[in-house]
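> Here is my input, please return the structure:
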Amino acid sequence: MIKKSMADKLIVSFEEYIKIVEKLAIEIHNNYKPTVLVGIMRGAAPIIDILSRILKLPIAYIVIQSYTGKGLEDQQGQLMFAREISSLAKEEDFKKILLIDDLSDTGLTLNKSIEWLKGYEPTKKFIKEIKTACLWKKKSSSFEPDFCPIKLDSDPWIVQPTEHYEELSIEEIVKRN
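Next up, the predicted model:
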């Protein structure tokens, strides 16, 4: 169950996370027939893994991070995109894309990712449609995802089930195992 801890955090258990992804899968299944799932890394990694197994679709990943000024990749707005999509999907699979992220916070990442995909040379001539999906939409997000099981009435920090690993060192994990 999703628990609120302090007014500005939403703590999500692994069990609840899975239920939200399953709700998203049902919403997609009932309303759209994508030909490929494209996940925005890192947030979409567990989501796209589960959805690809449920919906039996090929997957692709795009890696994006906030631009720090040190990279050699393509800069777009405040975001830095990797040069290539990582995928074993065929170019023809990119007809009906479902672009997936974990959440719509401000909307910038999803908006810029759609622009980037439309200009991505190897697949742009195959793209007929791009729809979007995420698990959560925050209140202040300017982007309206096509599929989103949870629309929040505030802008909490969402503590996802694997986030605690960012605070742990490999030495701590070795010690406890």
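> use CA for all of it now, contacts and neighbours both
OK.
> for the top strand by length along the chain, which positions count as buried?
Criterion DSSP state E: the longest strand present in the chain is strand 59-66. Within strand 59-66, the residues that qualify as buried are 59-64, counting by 16 or more other CA atoms under 10 Å.
> Run me through the strand neighbours of it, direction for each.
Next to strand 59-66 in the sheet, as set by DSSP bridges, lie strand 36-41 (parallel), strand 79-81 (antiparallel), strand 86-87 (antiparallel).
> Dump those strands to a markdown table, plus mean neighbour count and distance to Cys134.
Shown next, in a markdown table, are the strands paired with strand 59-66 (neighbours: other CA atoms under 10 Å; distance: least, CA to CA, whole Å):
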| stretch | mean neighbour count | distance to Cys134 |
| --- | --- | --- |
| strand 36-41 | 24 | 10 |
| strand 79-81 | 19 | 19 |
| strand 86-87 | 14 | 20 |
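> Of those strands, which shows the lowest average pLDDT?
The weakest mean pLDDT among the strands paired with strand 59-66 belongs to strand 79-81, with a mean of 79.
> Pass me the low-pLDDT residue ranges in this protein, would you?
Applying pLDDT under 70 to the chain flags residues 1-7, 66-77.
> and the longest helix for it?
Criterion DSSP state H: the longest helix present in the chain is helix 14-31.
> for Val174, helix, strand, or coil?
helix (DSSP: H, G, I helix; E, B strand; the rest coil).
> And it, how far from Asp153?
For Val174, the distance to Asp153 (CA to CA, to the nearest Å) stands at 40 Å.
> Over to Glu167?
According to CA to CA, Glu167 stands 28 Å off from Asp153.
> same thing with Asp101?
Shown here: Asp101 relative to Asp153, a distance of 19 Å by CA to CA.
> out of those two, which sits in the busier spot?
Neighbour totals were compared for Asp101 and Asp153, and Asp101 leads with 24 against 10 (other CA atoms under 10 Å).
> how much space between the one residue sitting closest to the centre of the chain and Asp146?
By CA atoms, centre = their mean, the chain has its centre lying nearest to Asp101, at 1.5 Å. Distance of Asp101 to Asp146, computed by CA to CA: 12 Å.
> one step back: thought Ala44 was touching the residue nearest to the centre of the chain, still the case?
Yes. Using CA atoms under 8 Å, Asp101 is in contact with Ala44, at 4.7 Å.
> give me every residue that touches the residue nearest to Pro34 when sequence neighbours are not counted.
Leaving aside its chain neighbours, Pro34 sits nearest to Lys96 (4.9 Å; criterion: CA to CA, 6 or more residues apart in numbering). Applying CA atoms under 8 Å, 6 or more residues apart in numbering to Lys96 gives the contacts 33-36, 127-131.
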